[in-house]
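Participant: After the sequence you'll find the predicted model.
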Amino acid sequence: MKNAHQPQSSVWLHIGSGSFHRAHQAWYLHRLLAKGDNSWSIALGNIREDGVPLLNALQAQGGKYVLETVTPQGEREYETITSIQKIIAWDNELAALVAQGADPHTRVISFTVTEGGYYLDNQFNLDQQNADIQADLQGGCRTIYGAIGHILARRIALKGGDITLLNCDNLRHNGERFRHGLLQFLALRQQHDISDWVKNHTRSPNTMVDRITPRPSPDVAVRVAQATGFEDRVPVMGEAFIQWVIEDDFIAGRPHLEEAGVEMVESVLPYEEAKIRILNASHSCIAWAGTLTGQRFIDESTRTPSICQMAYDYVTEDVIPSLTPSPLDLARYRDVVLERFSNPHIQDTNQRVAADGFSKIPGFITPTLQECYQRGQTPRATAMLPALFFVFMQQWHLGLLPYEYQDGILDAPAVHALFSSADPVAQFAADEKLFAGLAGDKAFTELMRQSVERVRHWLNDAKRV
């Protein structure tokens, strides 16, 4: 119990109880607690019901859980994370989540959603035709926009004060894109008073986050119990590497994050471009290629020479020229990323990384395609990535993938129709949602034909090895 004379600590509300938050943001806040700074704590909640079992398990453990980290050399460390000090029970109206977000002690609301969870089209405007967005425009709370809209309406009514809305995910320009989507959402709901309040009383810094965090397998709990004696029902594991870069633009105060190793900067642009194009796009390349060759794990796919070479060539031939000059050593970053992917102790699955391709191509890959053409270069190395995805989805269409493909914006009937059409490659290359201004371009379509053939030849050779 807190002493009655002690000031109540500020609350950082995080929406999204998955492994990444608990291995990343919660770890940084825990580091501050470990240094004796208890001025901030985390309240954790979810928008969707599927997180209830995990929240219940965390509640039973008082919010505590063990984080296992492992280096590429197999060195494991265990740390009990204590920064999540309030678990918010899920309910259909998100009443408890809304109440916490409206509480004046809550000064930061952060959230982790997949790329598809932004519901943006290729012009980065809100996809108004999406069923979840439609439901929230009618007053629901299925999406981050619906949830934040409800929270802010209550916060304004209770005079809860200014609030920072902080994205913690891989979308490029994530703070700006979320803010634009939120303001469009509020305008469509005719909530102009809330929209005006958002403009004056909130901030949405861009961020870059990085730590490979696979879905924990059952053996993580076994190792945790052996190492710590704690029978943790919801441990989490990740690689030893961690990075968080945030634009220092908070409106209602913030923790001393820089004392925990967070890089507070004026602009995250060079960091996020390097991370999204070198790490995230290469990750997807390896996952799609590895799946096609019958492999299960990212590390074994990365250690397959022909797959690693595809990712290496993509970065070296197309991405580094696109991002130069950069304050980062891009070649070194490429090599560190590939070393991290080859870590055999992480056991990250191709299934997890292969997900959400219809969001990842426009976000992670198409900008490099466009910039190569703009400087007069044919992006042969980059084109292999969407070509891999094309062959990957053709296998999905035929029911031949070894696992269930997960994609928040998958239009299954449209994809089946594409592969049943007279010219699937041309139709794929003409998709504006995937390829923006390149869609339907004659030279790009021909490049995609060549690249799909290269993938098929590579796959035949790989299967003969």
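Facilitator: All right, it came through fine.
Participant: Can you tell me the element the nearest residue to S83 once chain neighbours are set aside falls in?
Facilitator: Among residues not flanking S83 along the chain, L29 sits closest, at 3.8 Å (Cβ to Cβ, 6 or more residues apart in numbering). The way it works is simple: take the backbone N, C-alpha and C, and place the C-beta from them, glycine included. In this structure, L29 sits in helix 25-34 according to DSSP states H and E.
Participant: ok, now M264?
Facilitator: Element membership for M264, per DSSP H and E: strand 263-265.
Participant: Just the buried residues of that strand, please?
Facilitator: Of the residues in strand 263-265, 264-265 count as buried by neighbour count, 16 or more other Cβ atoms under 10 Å.
Participant: for stretch 190-199, same thing?
Facilitator: 191, 194-195, 197-198.
Participant: what about Y65, how many residues close to it?
Facilitator: 23 (other Cβ atoms under 10 Å).
Participant: Test of understanding: give the bridge partners of it.
Facilitator: In this entry, Y65 is beta-bridged to I81, by DSSP bridges.
Participant: Buried residues, the next helix or strand after the strand holding M264. List them.
Facilitator: Moving toward the C-terminus from strand 263-265, the next helix or strand (DSSP H and E) is helix 269-274. For helix 269-274, a neighbour-count test (16+ other Cβ under 10 Å) marks 270-274 as buried.
Participant: Out of the residues you listed, which comes closest to Q129?
Facilitator: Distance to Q129, by Cβ to Cβ, is smallest for E272 among the buried residues of helix 269-274, at 28.3 Å.
Participant: I figured the closest one was touching V209, is that so?
Facilitator: No: between E272 and V209 there is no contact under Cβ atoms under 8 Å: 9.3 Å.
Participant: the strands in this structure, which residues?
Facilitator: According to DSSP state E, the chain carries its strands in the segments 10-15, 40-45, 65-70, 76-81, 84-87, 106-111, 163-167, 202-203, 207-210, 236-239, 243-247, 263-265.
Participant: Next, format those as JSON lines and append mean pLDDT.
Facilitator: Formatted as JSON lines, these follow (pLDDT from 0 to 100):
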{"stretch": "strand 10-15", "mean pLDDT": "98"}
{"stretch": "strand 40-45", "mean pLDDT": "98"}
{"stretch": "strand 65-70", "mean pLDDT": "97"}
{"stretch": "strand 76-81", "mean pLDDT": "98"}
{"stretch": "strand 84-87", "mean pLDDT": "98"}
{"stretch": "strand 106-111", "mean pLDDT": "98"}
{"stretch": "strand 163-167", "mean pLDDT": "98"}
{"stretch": "strand 202-203", "mean pLDDT": "98"}
{"stretch": "strand 207-210", "mean pLDDT": "94"}
{"stretch": "strand 236-239", "mean pLDDT": "95"}
{"stretch": "strand 243-247", "mean pLDDT": "96"}
{"stretch": "strand 263-265", "mean pLDDT": "95"}
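Participant: of these, which approaches S284 most closely?
Facilitator: Here strand 207-210 is closest among the strands of the chain (Cβ to Cβ), at 15.1 Å.
Participant: got the contact list for the closest one?
Facilitator: When contacts are defined by Cβ atoms under 8 Å, 6 or more residues apart in numbering, strand 207-210 is touched by residues 20, 24-25, 166-170, 174-175, 241-247, 268, 271-272, 275, 279.
Participant: Against P424, how distant is D411?
Facilitator: Using Cβ to Cβ, to the nearest Å, D411 is found at 15 Å from P424.
Participant: picking that back up, kindly reformat the strands of the chain as JSON lines containing distance to W396.
Facilitator: Formatted as JSON lines, these follow (distance: least, Cβ to Cβ, whole Å):
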{"stretch": "strand 10-15", "distance to W396": "30"}
{"stretch": "strand 40-45", "distance to W396": "33"}
{"stretch": "strand 65-70", "distance to W396": "31"}
{"stretch": "strand 76-81", "distance to W396": "35"}
{"stretch": "strand 84-87", "distance to W396": "37"}
{"stretch": "strand 106-111", "distance to W396": "29"}
{"stretch": "strand 163-167", "distance to W396": "29"}
{"stretch": "strand 202-203", "distance to W396": "40"}
{"stretch": "strand 207-210", "distance to W396": "28"}
{"stretch": "strand 236-239", "distance to W396": "28"}
{"stretch": "strand 243-247", "distance to W396": "33"}
{"stretch": "strand 263-265", "distance to W396": "38"}
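Participant: for the ones you listed, which one sits closest to G51?
Facilitator: If we rank the strands of the chain by Cβ to Cβ, the stretch that ends up nearest is strand 40-45, at 8.4 Å.
Participant: From the contact counts, what lies against that closest one?
Facilitator: The elements that strand 40-45 packs onto, with contact taken as 3 or more Cβ pairs under 8 Å, 6 or more residues apart in numbering; DSSP states H and E, are strand 10-15, helix 25-34, helix 52-60, strand 84-87, helix 95-102.
Participant: What lies in contact with it?
Facilitator: With contacts defined as Cβ under 8 Å, 6+ apart, strand 40-45 is touched by 9-15, 17, 21, 25-26, 29, 32-33, 55, 58, 63, 83-88, 90, 94, 96-97, 100, 106, 255.
Participant: Mind splitting this protein into its structural domains?
Facilitator: Under the assignment automatic domain parsing, the domains of the chain span 10-265, 269-464.
Participant: Of the buried residues of stretch 190-199, which belong to helices?
Facilitator: 194-195, 197-198 (DSSP state H).
Participant: ok, how many other residues are close to the residue lying closest to S322 once chain neighbours are set aside?
Facilitator: Leaving aside its sequence neighbours, S322 sits nearest to E371 (Cβ to Cβ, 6+ apart; 4.4 Å). Using other Cβ under 10 Å, E371 has 18 neighbouring residues.
Participant: Please report the distance of E371 from R449.
Facilitator: Here the criterion is Cβ to Cβ. By it, E371 lies 22 Å from R449.
Participant: so what's D210 bridging to?
Facilitator: Beta bridges link D210 to Q243, judged by DSSP bridges.
Participant: Next one: it from V337, what distance?
Facilitator: Separation of D210 from V337 (Cβ to Cβ): 9 Å.
Participant: Could you check which of those two has the larger neighbour count?
Facilitator: Neighbour count, other Cβ under 10 Å: between D210 and V337, V337 has more, with 23 against 19.
Participant: Now do the contacts for the more buried one.
Facilitator: Contacts for V337 (Cβ under 8 Å, 6+ apart) come out as 278-279, 282.
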